[in-house]
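>>> Provided below are the primary sequence and the corresponding predicted coordinates.
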Amino acid sequence: MPRPHASVQTAVPEAPRLTPLGAALLALALSIPGGLLLMAINALI
């Protein structure tokens with residue numbers, strides 16, 4: 001029982017550190033397919 005608690009407590013301080021990187025990666029991951037979609041739509045029009 002104490003092991004899940006420990007993992008939760010260790011994950012809490014790590015979350016704020018990873019959020020800026022995760023947000024940047026998410027923005028990149030979303031912008032690349034978004035750009036490809038825009039190019040595809042422009043090619044179809």
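Structure's in. What do you need? Numbering: from 1, shown residues only.

>>> state the number of residues packed around Ala43.
Other residues near Ala43 come to 7 when the count uses other CB atoms under 10 Å. Heads up, the C-betas are built off the backbone N, CA and C, glycines and all.

>>> what of Pro33?
By the criterion of other CB under 10 Å, Pro33 has 9 neighbours.

>>> host element of it?
Pro33 is located in helix 2-44, with elements delineated by DSSP states H and E.

>>> look up how far Leu36 lies from Ala27.
To Leu36, Ala27 is 15 Å away according to CB to CB, to the nearest Å.

>>> again with Leu21
The gap separating Leu21 from Leu36 is 23 Å, by CB to CB.

>>> same question for Leu30.
11 Å.

>>> same question, Leu26
Relative to Leu36, Leu26 is positioned 16 Å away (CB to CB).

>>> cool, Ile45 as well?
15 Å.

>>> more neighbours: which of those two?
Ranked by neighbour count (other CB under 10 Å), Ile45 and Leu36 place Leu36 first, with 10 against 5.

>>> ok, that one - contacts?
Leu36 makes no contacts at all, as judged by CB atoms under 8 Å, 6 or more residues apart in numbering.

>>> what residue ranges in the chain score low on pLDDT?
By pLDDT under 70, the low-scoring segments of the chain are 1-18.

>>> if we use 90, what do you get?
Low-confidence segments of the chain, defined by pLDDT under 90: 1-39, 41-42, 45.

>>> any idea how far Leu26 lies from Pro20?
Separation of Leu26 from Pro20 (CB to CB): 11 Å.

>>> cool, and Ala43?
From Ala43 to Pro20 the distance is 35 Å (CB to CB).
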